[in-house]
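K.L.:
quick one, structure for this:
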Amino acid sequence: MTRLTLAIDAMGGDFGPYVPVPASLQALASNPHLHLLLVGDPDKITSLLTTADYALRARLQIIPAESVIASDDSPSKAIRASRGTSMHIALEQVKEGLAQACISAGNTGALMGLAKLLLKPLDGIDRPALMTVLPHQQHGKTVVLDLGANVDSDGAMLVQFAIMGAVMAEEVLAITRPRVALLNIGQEETKGLISIRDASAKLCETPEINYIGYLEGKDLLTGKTDVLVCDGFVGNVTLKTMEGVVRMFLSLLKLQDEDKKTVWWLRVLGRVLQMRLAKKLGHLNPDHYNGACLLGLRGTVIKSHGAANERAFAVAIQQAEQAVRRQVPERIAARLQAVLPKSD
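P.N.:
Now for the predicted structure:
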């Protein structure tokens, strides 16, 4: 494998550099071909590298940034004042060909706007979409998009999301002719918003897409589809609700000190059941699939959860590596050219 260089916004997210920097060292340790550009405050980043292995440190470069975009800044305000910020400079590394992808846990709206401004959307894409790959109960995975980049999407945009999602399922999950569905409030053709019904009609007339119709929210983790498409508002609420429920169940399964009055064999049985359930549900842990890919751009951008821990951020870096290796933007561009109608 040839050298792979990624740019990390080391200052974005809830914890500043205290998560991205250790996660970067983890990623470097697991991939000898990886090189990272850490963008942010040099003093803060350097202080977190004092005990780093010299060989790992040699594959890491610090790119200075003067400031950071706040998580509560409005996207328009953040974009206007973005020059000199860690997010802007990290994206510029991709634009200038110095890095092959950018990873940030910062302000989602700002990342979306800046990425669109600096890297430009692919021909045929109105607005990029945030996509992630979720595990399901059949021990496979489902591509889900949009997860919050576009609060309101018309039928044409949903069709574009479906095309991009199908490419991801083929290239990343190695699924031949992946099943594509629209998330809706029912499976009947007459249900749902006009935008969803409009997208459904267009997908039915697109033989290149294996469209199977509507699915409800309860089917998110069942494995009934390989690609699930929705607008960003619905997708974001759905994802965060699912993550909250999964985290609650996993926390309930954590081993605790049982009542000492309980018969010893009941305590042992309880601990065995807890461990088995935790093992069964472990693959649903949100930390294992952190990192949403911003699809539809001429470059690779990965959005990490702002509250991601070290392990989860390392997963986001792995997502970027995979997207670059699979040449996701190039493959999406080729599919769009083949499927979408040509403009005059």
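
K.L.:
which parts of stretch 6-23 are buried?
P.N.:
For stretch 6-23, burial by neighbour count (16 or more other Cβ atoms under 10 Å) applies to 6-13, 15-17, 19-23. The C-beta positions use only the backbone N, C-alpha and C, and glycine is treated the same way.

K.L.:
ends of that stretch, how far apart?
P.N.:
Terminal residues of stretch 6-23 are spaced 13 Å apart (Cα to Cα, to the nearest Å).

K.L.:
tell me who's in contact with L203.
P.N.:
159, 162, 180, 182, 209, 211 (Cβ atoms under 8 Å, 6 or more residues apart in numbering).

K.L.:
chain neighbours aside, what residue packs nearest to it?
P.N.:
Nearest non-adjacent residue to L203, counting by Cβ to Cβ, 6 or more residues apart in numbering: Y211, 4.0 Å away.

K.L.:
if the one you found is in a bridge, with which residues?
P.N.:
Counting by DSSP bridges, Y211 forms beta bridges with V180.

K.L.:
quick one: it and R197, what's the gap?
P.N.:
To R197, Y211 is 13 Å away according to Cβ to Cβ, to the nearest Å.

K.L.:
what's the answer for I332, then?
P.N.:
Applying Cβ to Cβ to I332 and R197 gives a distance of 25 Å.

K.L.:
next one: K116
P.N.:
28 Å.

K.L.:
with A58 instead?
P.N.:
Going from A58 to R197 by Cβ to Cβ gives 56 Å.

K.L.:
who has more neighbours out of these two?
P.N.:
R197 (17 against 11; other Cβ atoms under 10 Å).

K.L.:
right, and the more buried one touches E188 too?
P.N.:
No. Applying Cβ atoms under 8 Å, one finds R197 not in contact with E188, separated by 10.5 Å.

K.L.:
quick check: A65 touching S86?
P.N.:
Yes. Counting by Cβ under 8 Å, A65 does reach S86; the two are 4.0 Å apart.

K.L.:
overlap in contacts of these two?
P.N.:
11, 39-40.

K.L.:
just those: which are in strands?
P.N.:
39-40 (DSSP state E).

K.L.:
quick check, nearest of the shared contacts of A65 and S86 to V301?
P.N.:
Closest approach between the shared contacts of A65 and S86 and V301, by Cβ to Cβ: V39, at 13.5 Å.

K.L.:
isn't the closest one right next to A65, touching?
P.N.:
Yes. Counting by Cβ under 8 Å, V39 touches A65, with 5.2 Å between them.

K.L.:
tell me which of those two has more neighbours.
P.N.:
Using other Cβ under 10 Å as the criterion, V39 and A65 rank with V39 on top: 32 against 22.

K.L.:
give me the beta-bridge partners of the more buried one?
P.N.:
D9, I63.

K.L.:
mind checking how far the longest helix anywhere in the chain is from the chain centre?
P.N.:
Ordering each helix of the chain by length in residues (DSSP state H) puts helix 232-252 first. Relative to its chain's centre, helix 232-252 lies at 14 Å (Cα atoms, centre = their mean, to the nearest Å).

K.L.:
can you list the domains in the protein?
P.N.:
By the assignment in the TED database, the chain contains the domains 1-123+296-326, 126-294.

K.L.:
compare the mean pLDDT across those domains and name the weakest.
P.N.:
Among those, domain 126-294 carries the lowest mean pLDDT, at a mean of 82.
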